[in-house]
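Enquirer: output the structure for:
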Amino acid sequence: MTAIIIAQKIWEKLKQAYIEKFGGSPKLLITELNNLYQDKTNSNKDVISDKTIRNFFNSSEPIKMQEKNLNFLCGVLLECVRKVN
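Expert: Numbering: from 1, shown residues only. As a prediction, this is how the structure comes out:
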């Protein structure tokens, strides 16, 4: 998958939702991501790693992220789901 840079406004909305919904806790977010998406990844590993979440949300500006991870975050944090044909 391709790594993409997230638009500033989307990144800010994701950060705000992360704080409001999960108190800025990577562990709580990972638990929710795993509950919703782990069966779609065909893996027993976390859907998104703790390190990836920390790097993304602790950055002072948007950074590159794999498109699939961004889709997972948007699904949980912004409650939007991208339909795949």
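Enquirer: how far away is the spatially most central residue of the chain from Gln8?
Expert: In the chain, the centroid-proximal residue (Cα atoms, centre = their mean) is Leu73; its distance is 2.7 Å. Computed as Cβ to Cβ, to the nearest Å, the Leu73 to Gln8 distance reads 15 Å. Every residue, glycine included, has its C-beta placed from N, CA and C.
Enquirer: skip the chain neighbours and tell me the closest residue to the residue nearest to the centre of the chain.
Expert: Leu14 (5.9 Å; Cβ to Cβ, 6 or more residues apart in numbering).
Enquirer: give me phi/psi at the one you found?
Expert: phi -60, psi -40 (degrees, to the nearest 10).
Enquirer: would you check that the residue nearest to the centre of the chain makes contact with Lys13?
Expert: No - assessed by Cβ atoms under 8 Å, Leu73 is found out of contact with Lys13, at 10.4 Å.
Enquirer: got the residue ranges for the helices in this structure?
Expert: 8-22, 26-41, 50-58, 67-77 (DSSP state H).
Enquirer: can you give the contact residues for the first one?
Expert: Residues lying outside helix 8-22 but in contact with it, judged by Cβ atoms under 8 Å, 6 or more residues apart in numbering, are 6, 24, 28-29, 32, 57, 61-62, 73-74, 76-78.
Enquirer: swap in 7 Å and give it another go.
Expert: Gly24, Leu28, Leu29, Phe57, Pro62, Leu73, Leu77, Leu78 (Cβ atoms under 7 Å, 6 or more residues apart in numbering).
Enquirer: quick check: buried residues in that helix?
Expert: Trp11, Leu14, Lys15, Ala17, Tyr18, Phe22 (16 or more other Cβ atoms under 10 Å).
Enquirer: and the shortest one, by the same measure?
Expert: The neighbour-count criterion (16+ other Cβ under 10 Å) identifies Thr52, Ile53, Phe56, Phe57 as the buried residues of helix 50-58.
Enquirer: then the last one?
Expert: For helix 67-77, the neighbour count (16+ other Cβ under 10 Å) marks Lys68, Asn69, Leu70, Asn71, Phe72, Leu73, Cys74, Gly75, Val76, Leu77 as buried.
Enquirer: before I go, just wanted to say thanks for your time.
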